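Got a sequence here, can you model it:
(one chain, ligands or ions: 1)
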Amino acid sequence: MAHPKLRIATCSLAGCFGCHMSFLDVDEALADLIEHIEFDRSPLTDIKHCSEHVDIGLIEGGVCNRENVEVLREFRARCTLLVAVGACAMYGGVPALRNGIPVAELVHEAYLGADLLNPQVPCDPELPPLLKNVLPLHEVVAIDVTLAGCPPPAAAFRELIVAQLEHRAATLPREARHFD
Ligand code: SF4
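Below is the predicted model:
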């Protein structure tokens, strides 16, 4: 019987998609991996919710609003290995620079600034409310593994996946744990 493929889900919360782009930088190695993996919920598939069982959940970005919290909890509930990918997921990153500034002040500055044409605050009921602070993932759910970097290098993603396929812990050299 063929070995089942590793199911991988990915998402970007308060992130810039740079981590996803780095993942895609695996390039031709992805052709080798694709025989052994399949994508579940991800911007790469446009699947909106995780399947009941996902092997690896890769999440970039910090947690900035209520929808992010719900998405993160879904990943935690359905992913065996949940990975905080990159500085924003690990520490809040650039989006967390807003922490310490009251949300009302932020919204005023962003949408009612003096030089804007027809300034107005977006009020669509589907827009998720902002959290007081942008949080790293581990302040909302338990995280199993972190991939450091902004973004982590493609080699780190590849090693993480290959290690899972080989049922061993990933070994990341220092070059794959840097932040520049
Ligand atoms: Fe973008 Fe860097 Fe944050 Fe990844 S860690 S989402 S590349 S800012």
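
contacting residues for E159?
170-172, 176 (CB atoms under 8 Å, 6 or more residues apart in numbering). From N, CA and C alone the C-beta is placed, and that goes for glycine too.

doesn't V63 make contact with C88?
No - using CB atoms under 8 Å, C88 is not in contact with V63, being 9.6 Å away.

buried residues in the lowest-mean-pLDDT helix or strand in the chain?
Across the helices and strands of the chain, mean confidence by mean pLDDT, DSSP states H and E is lowest for helix 28-33: a mean of 80. By 16 or more other CB atoms under 10 Å, the buried positions in helix 28-33 come out as 30, 33.

likewise stretch 131-147?
Quick answer for stretch 131-147 (16+ other CB under 10 Å): 131, 133-137, 140-141, 143, 145-147.

Export those residues to CSV and append columns for distance to the ligand and pLDDT.
Formatted as CSV, the buried residues of stretch 131-147 follow (distance: CB to the nearest ligand atom, whole Å; pLDDT from 0 to 100):
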residue, distance to the ligand, pLDDT
L131, 17, 98
N133, 16, 98
V134, 11, 98
L135, 14, 98
P136, 11, 98
L137, 12, 98
V140, 17, 98
V141, 18, 98
I143, 15, 98
V145, 15, 95
T146, 11, 95
L147, 9, 95
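
between the residues you listed, which is nearest V69?
V140 (6.0 Å; CB to CB).

hang on, the earlier thing: restricted to strands, list the contacts of E159.
When DSSP state E is applied, the contacts of E159 are split such that none fall in strands.

Please save the CA atoms from stretch 93-106 in PDB.
Provided in PDB are the C-alpha atoms of stretch 93-106 (Å, rounded to 0.1, in the frame of the first residue of the first chain):
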ATOM      1  CA  GLY A  93       7.500  41.400  14.000                       C
ATOM      2  CA  VAL A  94       6.900  44.600  12.000                       C
ATOM      3  CA  PRO A  95       3.000  44.600  12.600                       C
ATOM      4  CA  ALA A  96       3.700  44.600  16.400                       C
ATOM      5  CA  LEU A  97       5.300  48.100  16.100                       C
ATOM      6  CA  ARG A  98       1.800  49.400  16.600                       C
ATOM      7  CA  ASN A  99       1.600  47.800  20.100                       C
ATOM      8  CA  GLY A 100       1.400  50.500  22.800                       C
ATOM      9  CA  ILE A 101      -0.600  52.800  20.600                       C
ATOM     10  CA  PRO A 102      -4.300  52.800  21.300                       C
ATOM     11  CA  VAL A 103      -6.400  51.200  18.500                       C
ATOM     12  CA  ALA A 104      -8.600  54.200  18.200                       C
ATOM     13  CA  GLU A 105      -5.600  56.400  17.600                       C
ATOM     14  CA  LEU A 106      -4.300  54.000  15.000                       C
END
